[in-house]
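Trainee: Have a look; sequence and predicted model below, questions after that.
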Amino acid sequence: MNNKFEIIIYWSKDDNCFIAEVPELAGCMTDGKSYTEALEKVQVIIKEWIETAQSLGRPIPEPKGKLTYT
């Protein structure tokens, strides 16, 4: 898969796992017991998010690269 969406991965003490979020795809996130597991799982979730959007005829945003937060 050619994934160019920004992925943010961080440790959640409350959930006791790594959280992987894709800010450009609303609601696209997952978790994992390790950083690697979260990264692997989010790749699957991105693919499923895009497939679902396509099947519903919804637009898929173009990847913007690194997002800047201020």
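Mentor: Arrived safely.

Trainee: What pLDDT is listed against the most centrally placed residue in the chain?
Mentor: Computing the C-alpha centroid of the chain and ranking residues by C-alpha atoms, centre = their mean puts Val22 first, at 3.2 Å. Listed pLDDT for Val22 reads 95.

Trainee: Going along the chain, name the strands of the chain.
Mentor: For the chain, the strands defined by DSSP state E occupy 8-12, 17-21, 29-32.

Trainee: Dump the ones you listed into a markdown table; add distance to Glu62 and mean neighbour count as well.
Mentor: C-betas here are computed from N, CA, C, even on glycine. Below are these laid out as a markdown table (distance: least, C-beta to C-beta, whole Å; neighbours: other C-beta atoms under 10 Å):
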| stretch | distance to Glu62 | mean neighbour count |
| --- | --- | --- |
| strand 8-12 | 18 | 12 |
| strand 17-21 | 18 | 19 |
| strand 29-32 | 20 | 18 |
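
Trainee: Export these as JSON lines, with columns for distance to Ser55.
Mentor: Shown next, in JSON lines, are the strands of the chain (distance: least, C-beta to C-beta, whole Å):
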{"stretch": "strand 8-12", "distance to Ser55": "26"}
{"stretch": "strand 17-21", "distance to Ser55": "23"}
{"stretch": "strand 29-32", "distance to Ser55": "20"}
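
Trainee: Would you mind saying which of the ones you listed lies nearest Glu48?
Mentor: Minimum separation from Glu48 across the strands of the chain (C-beta to C-beta) falls at strand 29-32, 10.0 Å.
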